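**Student:** Got a predicted structure plus its sequence, pasted below:
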Amino acid sequence: MGKLIRDRVPEIVRELGHHIEVRELTPDEYAAALREKLVEEACEAERAGDRAALVEELADLAEVALALARHEGITEAEIQQQRADKSHSHGSFDGRLFSTSYRS
């Protein structure tokens, strides 16, 4: 049992007088752990109780998303271009629209 942690966490934990064991993940393990962490952070953002907590969780979510992108060789510019393209072709979420039913 374990989880992906930020690089400075072991140092911080040890400075507090606690024990922590860590290991470096393989590239495949790292990719999987980043994807798990992405879901974890999204769930924490969903549960954020106030604006400050939401800002913190969104920052964590962005950090993990960008780490996954870097690991996969995806640039921030590519992500922003895809976001802009999708916004142009499908719109944004500013209209606050919610589908109540859909049939094909």
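**Tutor:** Happy to help now that I have it. Numbering: from 1, shown residues only.
**Student:** would you list every one of the helices in the protein?
**Tutor:** 9-15, 27-47, 51-71, 76-90 (DSSP state H).
**Student:** Can you list the neighbours in contact with the shortest one?
**Tutor:** Among residues not part of helix 9-15, those counted as contacts by CB atoms under 8 Å, 6 or more residues apart in numbering are 19, 20, 22. Every C-beta, even on glycine, is put in place using the N, C-alpha and C of the backbone.
**Student:** and those as a markdown table, adding distance to residue 84?
**Tutor:** Formatted as a markdown table, those follow (distance: CB to CB, whole Å):
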| residue | distance to residue 84 |
| --- | --- |
| 19 | 47 |
| 20 | 41 |
| 22 | 38 |
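**Student:** any chance of these in CSV, with neighbour count and distance to residue 34 too?
**Tutor:** Shown next, in CSV, are these (neighbours: other CB atoms under 10 Å; distance: CB to CB, whole Å):
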residue, neighbour count, distance to residue 34
19, 7, 25
20, 12, 20
22, 11, 16
